[in-house]
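# My questions are about this predicted structure, shown below with the sequence.
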Amino acid sequence: MTTTTTIILIVVLVALAAGAYLAVRYRESKRLQSKFGPEYDRTVQEQGSRLKAENRLGKLEKRVKRYQIRPLLPDERDRFQQTWHVIQLQFVDDPNTAVNEADRLISRIMTARGYPVEDFDQCAADISVDHPQVVENYRVGHEIVVRHVKGQATTEDLRRAMLHYRTLFEDLIEVPMPAYAVAAAASRRSR
């Protein structure tokens, strides 16, 4: 083999390796974008680059896989739904207490599901792995509760916190669709 042939072969192999690496990175980027949705964009903005954000999200996925996340048992789900109903009713007469109770209920649900809840920021990051579409509700609701504790939240803010918490609550308890709704959805997809 001549020197020219060897150099061409090396250049081709390097180009193929670079192409394969770029293809793998592209697929991983698309997977993370699809899985995390708006949370992907938020993390890119927060980290300052796609590569840093994707590394962060990948590490986050690996950490959360080590947790023993589980669905709620039917009786747990029922108890949490009853408690949520009481909290919503309480909001009319005592929005301050209701929002604090909603915040605590969300933490109890996450604990029951297997998420560690000691640190809010870490908890929000962990939730983003399995609930990326609603994690921002958790952040906004919690931020309002923090402002409320400092006396800086209006009743309208508390109402907004309850709406954010309700969206997160519904996602966390994973209410199963009734059989008729599952059948209707399957029927629409087959058309």
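Structure received. Numbering: from 1, shown residues only.

# C-alpha only now, for contacts and for neighbours.
Noted.

# Assign the residue nearest to Glu39 when sequence neighbours are not counted to helix, strand or coil.
Once flanking residues are discounted, Glu39 sits nearest to Pro132: 5.9 Å by C-alpha to C-alpha, 6 or more residues apart in numbering. What DSSP: H, G, I helix; E, B strand; the rest coil gives for Pro132 is coil.

# hang on, Pro132 packs against Asp41?
No - Pro132 is not in contact with Asp41 according to C-alpha atoms under 8 Å; the separation is 11.0 Å.

# And for the residue nearest to Glu39, the neighbour number?
Residues lying near Pro132 (other C-alpha atoms under 10 Å) number 19.

# residues contacting it?
The contact partners of Pro132, by C-alpha atoms under 8 Å, 6 or more residues apart in numbering, come to Lys35, Phe36, Gly37, Pro38, Glu39.

# buried stuff in whichever helix in the chain runs longest?
Longest helix in the chain by number of residues (criterion: DSSP state H): helix 3-36. For helix 3-36, burial by neighbour count (16 or more other C-alpha atoms under 10 Å) applies to Ser29, Leu32, Lys35, Phe36.

# Leaving out sequence neighbours, find the closest residue to the last one.
With C-alpha to C-alpha, 6+ apart as the criterion, Phe36 has its nearest non-adjacent residue at 5.1 Å, and that residue is Pro132.

# List phi and psi for that neighbour.
Main-chain dihedrals, Pro132, degrees, to the nearest 10: phi -70, psi -30.

# Let me know the angle separating the helix or strand that the longest helix of the chain is followed by from helix 3-36.
Next in sequence after helix 3-36, counting helices and strands by DSSP states H and E, comes helix 38-47. With axes from the mean of the first three to the mean of the last three C-alpha atoms, to 10 degrees applied, the angle from helix 38-47 to helix 3-36 works out at 120 degrees.

# for the record, mean pLDDT for the following helix or strand past helix 38-47?
Toward the C-terminus, helix 38-47 is succeeded by helix 50-66 as the next helix or strand (DSSP H and E). The pLDDT scores in helix 50-66 average 90.

# Thanks a lot, see you next time.
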